[in-house]
Every structure is written in structure tokens, then in C-alpha cells.
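Enquirer: Need coordinates for the following:
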Amino acid sequence: MLKAKKVSESIITMTELVLPNHTNQLVNLLGGQLMQWIDICAALCGAKHNQNVCVTASVDRIDFHHPIKLGDAVTLVASINRVFRTSMEIGVKVYAESFKEGKRIHSNTAYLTFVAVDNDGKPTLGVEAIPESVDEKRRYEEALIRRENRLKDRIKQN
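Expert: The predicted model follows:
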């Protein structure tokens, strides 16, 4: 079993083209389609990091900053923010790019919690994530705060 892995070793980058069947009546990318792409990108990141299947435990938040248009290229970048005992927070940044206009914008951010599971679907211990850059260290610290807030909210709901 792996003891630890650098955050940079598990980054996943996906690029999708927004086609007509991905859009709403305003010819903008459907939020649900983007959420599917975000979930897949994050799942691949978790699987790469843990060398195991990872399943979605929760979606913390998805912020929609700008609409994404028909014909845009959508690039999703997922990385491990922090690994806890059996769960991990994965952050996904979404960029929309119009090649025609020569513009690239950061359109969305999402935080998801995943759990690595064994062949029986049982949670396994996560592989520790080692942050190296200033940005990775900041995201590592912020992930703990978000986790504490999620746990407080869970207690309030029960």
C-alpha cells in the first residue's frame, strides 16, 4: 500500500467541447452536464491518487461564475486538496475557452468529498497527500476548515 503521494502526481485535466445537446434554451452549458464532468474528473483524480476506485460521498459546493457557451472548450483541472482517514477533498477548477474569440475564463469551482473503496465497496484508508507549492499548502489548510464545517452541519441536521 502506498504511504504518501505528492499532490502534483494526481492532477487530472479533462477537456470537453460544448455541443448542442449539452446546452439549455439560452445556448449555455447545462449545469447538470457540467456537474457530471466535474464528478468524473474528480473521481479520476481520486482513483489516480489512491490507485483504487473512488466514489462520491458529497459535493460541497459548485460556484457558477460565468455562463459557458455552445462551442466553448471546457477544461477541468482536479487535484487532491487533503486526505483524511478514508475520505479526501478534491477541488476542481473549470475554465471555458472560446478559440474563436481567443478568451479563456475561470468559470467554476467545485469541492467534492470522495472515498476510496475496495472490491467489496468498503472504505479503505486514503493515501496521504503531500502539498508542495504555496497554493497546494493553502488548499490543504482550507480543506480542513471546510471539513470541520461539513461535520458541524451534519451534527445540526441530526
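
Enquirer: Quick check: beta-bridge partners of the closest residue to residue 126 other than its chain neighbours?
Expert: Residue nearest to residue 126 in three dimensions, not counting chain neighbours: residue 83, with 4.0 Å by CB to CB, 6 or more residues apart in numbering. All C-beta atoms are positioned from the backbone trio N, CA, C, and that covers glycine. Taking DSSP bridges as the rule, residue 83 bridges to residue 88.

Enquirer: what about residue 83, how many residues close to it?
Expert: The number of residues packed near residue 83 is 26, by other CB atoms under 10 Å.

Enquirer: which residues touch it?
Expert: 49, 126, 127, 128, 129 (CB atoms under 8 Å, 6 or more residues apart in numbering).

Enquirer: which helices and strands sit right next to the longest helix anywhere in the chain?
Expert: If you go by DSSP state H, the chain has its longest helix at helix 134-157. For helix 134-157, the contact count by 3 or more CB pairs under 8 Å, 6 or more residues apart in numbering; DSSP states H and E identifies strand 54-64, strand 73-83, strand 87-98, strand 103-116 as packing neighbours.
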